[in-house]
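K.L.:
Okay, sequence plus prediction incoming.
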Amino acid sequence: MTIKKNYIAGEWVEGVSTTRNVNPADTSDIIAEYATADAEQTKAAVDAARAAFPAWSQVGIQQRSELLDRIGQAILDRKQELGELLAREEGKSLPEAVGEVGRAGQIFKYFSGEVLQMRGELQPSVRPGLDASVTREPLGVIGMITPWNFPIAIPAWKIAPALAYGNCVVFKPAELVPGSAHALAEIIVEAGVPSGVFNLVMGPGRVVGDVIVNNTQVDGISFTGSVATGRNIAAAAVGRMAKVQLEMGGKNPLVVLDDADLNTAVECAINGAFFSTGQRCTASSRLIVTEGIHDHFVEAMVDRLKTLKVGNPLDAATHIGPVVDERQLQQNLNYVEIAKEEGAKLIFGGEQLQLETEGFFQQPALFVDTTSDMRINREEVFGPVATVIKARDYEHALELANDTEFGLSAGIVTQSLKNSTHFKRHSQAGMVMVNVPTAGVDYHVPFGGRKGSSYGAREQGSYAREFYTTVKTAYTLA
Ligand SMILES: NC(=O)C1=CN([C@@H]2O[C@H](COP(=O)(O)OP(=O)(O)OC[C@H]3O[C@@H](n4cnc5c(N)ncnc54)[C@H](OP(=O)(O)O)[C@@H]3O)[C@@H](O)[C@H]2O)C=CC1
Ligand SMILES: O=C(O)CCC(=O)C(=O)O
């Protein structure tokens, strides 16, 4: 089997060992072997990025724009093939995977245009005869540590703005999904990125990630993943005064009010809670439903769940693919047990499924009769597990929606302009959805949350410049 290499200082280099990329829908299917870097190789990547930074930061915006456009186009041209690779290594259904690849391509295209929109400010000084200008400069070397659930879109929304604004990149993908990361790296290299400007370093978080986080030559760290890892990264980064941006978990509520269109409510809940196997930080894991519609909604949800097929993501009939690995599956199954022990009533699914192939399949789980204080309503499961919490009325539903340490995404299904407007204003989440699922976002507007979900500047859209640039104020005697 060919070994896919790391890309460090303009060269494809072997690692100190290799890891196997296993298909979670069929563990006999080994996608490829990937190089694993050690601390020394990771340091070499950081050094290469540092050395490349002075020249790259001075490259004109036309050249950077064209590079990003070529990368975006190459991704779009290979959408189907890369989608199949992604579905094979991560497990989301093929349409979702192809959609994610398309999104990654569009992100590079977007930043190809966005880099041409760089602007500063010129203001009169409060001191007569002076001008004050405010401009943005690249931050420097950016370390990117990404999770397994969006193996190409999340790297894209970190790498594209980093390169657009003149930074150099050291990219460490999650160990479970090196395939999409490697394919993206090949595209970036083929598009003509200068040596050292972009580096791919595959390997374990506790080795490669740790070097990136603690290396004083890394000016900024952009991380998406678990709260526990995010907290540790933030502590280390702030300790050495590096800039840091974290996107972490969610316990996102979808509020369904009595006046909701039932079909819209069910489709939002099914999509938000169970598509992509529930492995989205924006997943609707808490369905908060008012009394008048509760029983109809639960009944319609069970009917709809019965129509969903769990299976191989490459099979056109599949709606829900496997869980990403054995560890995540065990975590999901444990939470199903915890919820039952807490007194929640399991009315659909939850069990592991044995299909034709050896994989990590789970029937989506729906719990009713749950309360806000239960662990199942407080901790992120990150799988196809959702609960229903009954609310007396809108005010109670809002209170329950905000009763969480997280604040990434929140949704409401209602026909009331008054209540949806109130919800948009009073939801303690970074992203609010009205009559649409809590998951599934645009690439040209900010992405991020409040409370325990996010830390630092927002990602995506023009707001990404806040993290990837640093501001300079200059005074000139006119
Ligand atoms: N918000 C989100 O989008 C995501 C949330 N999660 C949550 O996290 C749980 C666990 O998933 P998991 O993949 O283990 O998440 P992690 O937070 O451990 O992994 C995310 C990234 O951080 C890296 N990493 C791990 N340890 C360190 C470290 N000490 N220093 C620097 N980088 C590190 C990982 O590398 P490596 O893969 O090599 O370990 C990976 O690239 C899930 O069950 C889910 O609840 C998971 C993924 C995405
Ligand atoms: O919902 C989306 O489109 C994005 C979700 C996401 O970024 C995540 O789960 O990490």
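P.N.:
In hand now; what should we look at? Numbers count the residues shown, from 1 in each chain. Ligands and ions are numbered 1, 2, ... in the order given.
K.L.:
quick one, phi psi at the nearest residue to residue 385 once chain neighbours are set aside?
P.N.:
The shortest distance from residue 385 to any non-neighbouring residue, by CB to CB, 6 or more residues apart in numbering, is to residue 365 (4.5 Å). C-betas here are computed from N, CA, C, even on glycine. Phi and psi for residue 365, reported as degrees, to the nearest 10, are phi -110, psi 130.
K.L.:
Let me know whether residue 365 touches residue 347 as I believe.
P.N.:
No: with contact defined as CB atoms under 8 Å, residue 365 does not reach residue 347; the gap is 9.1 Å.
K.L.:
Point out the other helices and strands that the lowest-mean-pLDDT helix or strand in the chain packs with.
P.N.:
Lowest by mean pLDDT, DSSP states H and E among the helices and strands of the chain is strand 121-124, with a mean of 94. Contacts defined by 3 or more CB pairs under 8 Å, 6 or more residues apart in numbering; DSSP states H and E place strand 121-124 against strand 130-138.
K.L.:
strands paired with the strand it packs on, and their directions?
P.N.:
In the sheet, strand 130-138 lines up against strand 121-124 (antiparallel), strand 469-477 (antiparallel) (DSSP bridges).
K.L.:
Next SSE downstream of that strand?
P.N.:
strand 141-145 (DSSP states H and E).
K.L.:
how about that following strand, does it reach ligand 1?
P.N.:
Yes: residues of strand 141-145 contacting ligand 1 under CB under 6 Å from any ligand atom: residue 145.
K.L.:
How about stretch 429-442?
P.N.:
No: Stretch 429-442 lies out of reach of ligand 1 by CB under 6 Å from any ligand atom, never closer than 10.8 Å.
K.L.:
Contact residues of this protein facing ligand 1?
P.N.:
So the chain meets ligand 1 at 145-149, 172, 174-175, 204-206, 209-210, 213, 224-226, 229, 232-233, 247-249, 281, 328, 331, 380, 382 (CB under 6 Å from any ligand atom).
K.L.:
filter these by proximity to ligand 2?
P.N.:
Okay, of those touching ligand 2 (CB under 6 Å from any ligand atom), that's 149, 224, 281.
K.L.:
Which of these sits closest to residue 122?
P.N.:
Taking CB to CB as the measure, residue 122 sits nearest to residue 224 out of those, at 36.1 Å.
K.L.:
starting at the chain centroid, how far to the one helix or strand residue 231 maps to?
P.N.:
Per DSSP H and E, residue 231 falls inside helix 227-239. On the basis of CA atoms, centre = their mean, to the nearest Å, helix 227-239 sits 18 Å off its chain's mean C-alpha point.
K.L.:
Could you list every helix and strand in contact with it?
P.N.:
Using 3+ CB pairs under 8 Å, 6+ apart, helix 227-239 sits against helix 210-214, strand 220-224, strand 243-247.
K.L.:
what lines up beside the last one in the sheet?
P.N.:
Think strand 243-247. strand 220-224 (parallel), strand 454-455 (antiparallel).
K.L.:
In contact with residue 140: list those residues for me.
P.N.:
50, 53, 167, 168, 219, 220 (CB atoms under 8 Å, 6 or more residues apart in numbering).
K.L.:
can you tell me how far the fourth one sits from residue 316?
P.N.:
When you say that, I think you mean residue 168. 42 Å (CB to CB, to the nearest Å).
K.L.:
go on, the first one?
P.N.:
As for residue 50, its distance to residue 316 is 48 Å (criterion: CB to CB).
K.L.:
These two: which is more packed in?
P.N.:
residue 50 (18 against 8; other CB atoms under 10 Å).
K.L.:
Give me the nearest residue to residue 179, chain neighbours excluded.
P.N.:
residue 89 is the one closest to residue 179 (CB to CB, 6+ apart), at 4.4 Å.
K.L.:
hang on, that neighbour packs against residue 173?
P.N.:
No: judged on CB under 8 Å, residue 89 makes no contact with residue 173 at a distance of 10.6 Å.
K.L.:
got the residues of the stretch 1-150 of the chain near ligand 2?
P.N.:
Checking the stretch 1-150 of the chain against ligand 2 by CB under 6 Å from any ligand atom, the hits are 149, 150.
K.L.:
Need the three-state assignment for the residue in the stretch 1-150 of the chain positioned nearest to ligand 1.
P.N.:
Residue of the stretch 1-150 of the chain nearest ligand 1, by CB to the nearest ligand atom: residue 147 (3.2 Å). For residue 147, the secondary structure call by DSSP: H, G, I helix; E, B strand; the rest coil comes out as coil.
K.L.:
what sits against the residue lying closest to it once chain neighbours are set aside?
P.N.:
With CB to CB, 6+ apart as the criterion, residue 147 has its nearest non-adjacent residue at 4.4 Å, and that residue is residue 225. Residues near residue 225 by CB under 8 Å, 6+ apart: 145, 146, 147, 174, 248.
K.L.:
Hmm, the first one is touching residue 218, no?
P.N.:
It refers to residue 145. No: counting by CB under 8 Å, residue 218 is not a contact partner of residue 145; they are 10.7 Å apart.
K.L.:
so what's in contact with the two at the same time?
P.N.:
With CB under 8 Å, 6+ apart, residue 145 and residue 218 have common neighbours residue 212.
K.L.:
Out of the strands paired with strand 130-138, flag the one nearest residue 137.
P.N.:
Here strand 469-477 is closest among those (CB to CB), at 5.6 Å.
K.L.:
what does the closest one contact?
P.N.:
125, 129-139, 165.
K.L.:
List buried members of those residues by neighbour count.
P.N.:
When the contacts of strand 469-477 are checked for burial by 16 or more other CB atoms under 10 Å, the buried set is 136, 138, 139, 165.
K.L.:
does residue 285 count as helix, strand or coil?
P.N.:
Residue 285 ends up strand, using three-state DSSP.
K.L.:
what's near enough to touch it?
P.N.:
Counted by CB under 8 Å, 6+ apart, residue 285 has contacts 250, 251, 252, 273, 278, 380, 381, 385, 386, 387.
K.L.:
you'd agree the second one is up against residue 404?
P.N.:
Think residue 251. Yes: counting by CB under 8 Å, residue 251 does reach residue 404; the two are 4.7 Å apart.
K.L.:
overlap in contacts of the two?
P.N.:
Joint contacts of residue 251 and residue 404 (CB under 8 Å, 6+ apart) are 286, 377, 378.
K.L.:
Give me the pLDDT value at the last one.
P.N.:
Residue 378 carries a pLDDT value of 98.
K.L.:
Tell me how far it lies from residue 120.
P.N.:
45 Å.
K.L.:
For the residue most central in space within the chain, what is the enclosing helix or strand?
P.N.:
Nearest to the geometric centre of the chain sits residue 154, at 5.0 Å (CA atoms, centre = their mean). Per DSSP H and E, residue 154 falls inside helix 153-164.
K.L.:
Who are the packing partners of that helix?
P.N.:
So helix 153-164, by 3+ CB pairs under 8 Å, 6+ apart, packs with helix 61-77, helix 94-114, strand 141-145, strand 168-172, helix 178-190, strand 220-224, helix 465-468.
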